[in-house]
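Asker: quick one, fold the following:
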Amino acid sequence: SGRTPPPPPASPMVVNMNRDSAVRVEEQERTAVEAYCKKHNIEGLVQELVEGLLRDRPETKPKEHFAHLLRMQLLKEQVSEEVTEVEMAEASKASEVPGRLLINLFEATKNIISEIVPKETINIIIRETIKLLHADRVSLFVYDKRIDMLVLNASNLEHPIRVKPGQGITGHVFQTHEIVNILDCYKDDRFDQTFDKQTGYRTQNLLTMPIVDFEGECMGVLQAINKKESSHFSHVDEILMENLTQHVSIALRNAEVYRAAIVTSERASALLHMIQSLSQDLGVQSMILTITMHANELVQADRCTVFLVDEAKQQLWSISTDSGKEIRIPKSAGIAGECATEGKLIAIPDAYQDPRFNQQVDVQTGYRTQSILAVPVFRRAAGNQRTIAVIQMINKCEFDGAVGKFDDEDIQVMETFATFVGSKLEVSALVAEPKVGNASEWGKASDLDQAHPRSSLKVYEASHRGMAIAETEEDDEG
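Answerer: Below is the predicted model:
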């Protein structure tokens, strides 16, 4: 019929041999599994994971929580015994953050660390924090050791906001290094509603965190305001911000070092230029111009006036190129007057907080006086010391355009400068015979407390060419 005959039936011996082989393979596999479970403590691992899941009882996404517990178990197996509990805690926190947010955190820290100019560093910290936490606003308070205050600078503020350590939520966080996460600000007694009332803005929730460097020193406070698309900042937000502030502290310290390096370089250059210029045999007007210009350069001041003391008339007068009009004031008037009368250096971080300062000219001109440094110049002839001039600086200019305060280094440099200037002025006929006529062509004196002129832009921008012209005019008059 063409059909293939069926195979002969297997003998009982072959069937038994196949069954025995399967049993042996099964026993070998079971033995291998038992050995593996014993070697790696699988039973204990599974039991611990189940116990952890039942202990925490997450309301949502239990699978993700189970995966988190599994990752922590894996981490424990991988880390060495030298890893501290703090490092384990940090690793635990990181494992709670979704991967996409960890990527965002990495990008934010990379961008922050890449900046080094102080003003731009502050701006990028604020921008990256807003983006990372989805906050409506972010405030960065930086601690200023010179005035022992936390300072918030923003382009939309007429005056910087200053907070004392311990004052309000920001001051409390700075002092205690605690993290403060407020779900409803208007239900928290620590929240100051003044700013909201003044601006109409409503602060709903707040996450405030200290910026602590690796030496444990608090450099400032970072504050996120009003979480977008949520009613509050979450625990994950706290973890992200805590990690971010570690890099913020590095960025702020780098910016501080960069600023100091730039200032030192500019100051050294100005000192060399000053010594070269004043070593020449200058006329009176050129000497005053040179002193004014180099005083500006030494401490990066926006404005400067050199006041000469007229003992005969008990007056102060100054030389400027703004006009030919001479202005004289009583020797005891204003900040420069006190400096001359008392023979003491006066440094003021905020002129508007000092009762000696007259704000009227600022109101009239629109100029904003903030910091002032007045330095006496002495004549030490025949063992006697008397004030023959006052160098008054207005508004310390940071190299990034911000207005700062005159610090201890500025004071030390200006005292040295004043000593050098004194040795030049004491042999000048202008000081030896303080007459009105000595400044008839140049005299415009002005106490910056009364009418602070710029010591003019011409003076500030004076060059050797400008001084040569002044010298020529002086010679022509003679």
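Asker: how about C37: what's its closest non-neighbour residue?
Answerer: Counting by C-beta to C-beta, 6 or more residues apart in numbering, the nearest residue to C37 once its immediate chain neighbours are dropped is E43, at 5.9 Å. Every residue, glycine included, has its C-beta placed from N, CA and C.
Asker: quick check: domain ranges of the protein?
Answerer: The record's domain parsing of the chain by automatic domain parsing lists 99-258, 280-477.
Asker: name the helices or strands packed onto the longest helix along the chain?
Answerer: Secondary structure assigned by DSSP state H gives helix 235-278 as the longest helix of the chain. On a contact count with 3 or more C-beta pairs under 8 Å, 6 or more residues apart in numbering; DSSP states H and E, helix 235-278 meets helix 85-95, helix 99-113, helix 118-133, strand 206-212, strand 218-227, helix 284-299, helix 408-425.
Asker: isn't I348 up against F357?
Answerer: Yes - with contacts counted by C-beta atoms under 8 Å, I348 reaches F357, the gap being 7.3 Å.
Asker: shared neighbours, these two?
Answerer: 335, 372 (C-beta atoms under 8 Å, 6 or more residues apart in numbering).
Asker: tell me what the lengthiest strand in the chain is packed against?
Answerer: Assignment by DSSP state E gives strand 386-397 as the longest strand of the chain. When contacts are defined as 3+ C-beta pairs under 8 Å, 6+ apart, strand 386-397 packs onto helix 284-299, strand 301-310, helix 334-342, strand 372-379, strand 403-404, helix 408-425.
Asker: so for that strand, what gets flagged as buried?
Answerer: 387-397 (16 or more other C-beta atoms under 10 Å).
Asker: now stretch 175-194
Answerer: 180-182, 185, 191.
Asker: lowest-confidence one in the residues you listed?
Answerer: Taking the buried residues of stretch 175-194 together, the minimum pLDDT is found at F191 (87).
Asker: who touches that one in this structure?
Answerer: So F191 contacts 169, 182, 185, 203, 206 (C-beta under 8 Å, 6+ apart).
Asker: inside strands: which ones of those?
Answerer: 182, 206.
Asker: need the contacts of F191 in CSV (columns: distance to S371).
Answerer: What follows is the contacts of F191, written out as CSV (distance: C-beta to C-beta, whole Å):
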residue, distance to S371
I169, 28
I182, 35
C185, 34
T203, 31
L206, 32
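Asker: what two of the contacts of F191 are the furthest from one another?
Answerer: For the contacts of F191, with distances taken as C-beta to C-beta, the pair at the greatest spread is I169 and T203 (10.5 Å).
Asker: so where's the stretch 201-350 of the chain shaky on pLDDT?
Answerer: 278-285, 319-327 (pLDDT under 70).
Asker: how about 50 then?
Answerer: 321-324 (pLDDT under 50).
Asker: what is the burial count for I42?
Answerer: 13 (other C-beta atoms under 10 Å).
Asker: measure it to Y36 for me?
Answerer: From I42 over to Y36 the distance is 7 Å, taken as C-beta to C-beta, to the nearest Å.
Asker: do the same with V375
Answerer: V375 is 82 Å from Y36, by C-beta to C-beta.
Asker: so R328 is in contact with A312, correct?
Answerer: No - between R328 and A312 there is no contact under C-beta under 8 Å: 11.9 Å.
Asker: hang on, the earlier thing: what is the nearest of the buried residues of stretch 175-194 to V361?
Answerer: F191 (38.7 Å).
Asker: my guess is the closest one is in a strand, correct?
Answerer: No - looking at F191 with DSSP: H, G, I helix; E, B strand; the rest coil, it is coil, so not inside a strand.
Asker: quick revisit: out of the helices and strands packed on strand 386-397, which is closest to T199?
Answerer: strand 403-404 (23.2 Å).
Asker: tell me the average confidence for the closest one?
Answerer: Mean predicted confidence for strand 403-404 is 80.
Asker: can you tell me the strand partners of it and which way each runs?
Answerer: Its sheet considered, strand 403-404 pairs with strand 386-397 (antiparallel) by DSSP bridges.
Asker: now the strand it pairs with: average pLDDT?
Answerer: pLDDT averaged over strand 386-397 gives 87.
Asker: restrict that strand to CA atoms and write it as PDB.
Answerer: Only the C-alpha atoms of strand 386-397 are listed here, as PDB (Å, rounded to 0.1, in the frame of the first residue of the first chain):
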ATOM      1  CA  ARG A 386      47.500 117.400  61.500                       C
ATOM      2  CA  THR A 387      44.900 116.600  58.800                       C
ATOM      3  CA  ILE A 388      45.700 118.400  55.500                       C
ATOM      4  CA  ALA A 389      43.300 116.600  53.200                       C
ATOM      5  CA  VAL A 390      40.500 114.000  53.100                       C
ATOM      6  CA  ILE A 391      40.000 111.400  50.300                       C
ATOM      7  CA  GLN A 392      36.300 110.400  50.100                       C
ATOM      8  CA  MET A 393      35.200 107.400  48.000                       C
ATOM      9  CA  ILE A 394      31.600 106.800  47.000                       C
ATOM     10  CA  ASN A 395      30.100 103.400  46.000                       C
ATOM     11  CA  LYS A 396      32.500 100.400  45.800                       C
ATOM     12  CA  CYS A 397      32.100  99.000  42.300                       C
END
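Asker: returning to what we had before: I'd like the helices and strands packed on strand 386-397 as CSV, with mean neighbour count and distance to H232 appended.
Answerer: Formatted as CSV, these follow (neighbours: other C-beta atoms under 10 Å; distance: least, C-beta to C-beta, whole Å):
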stretch, mean neighbour count, distance to H232
helix 284-299, 24, 47
strand 301-310, 25, 44
helix 334-342, 22, 50
strand 372-379, 25, 45
strand 403-404, 18, 37
helix 408-425, 17, 44
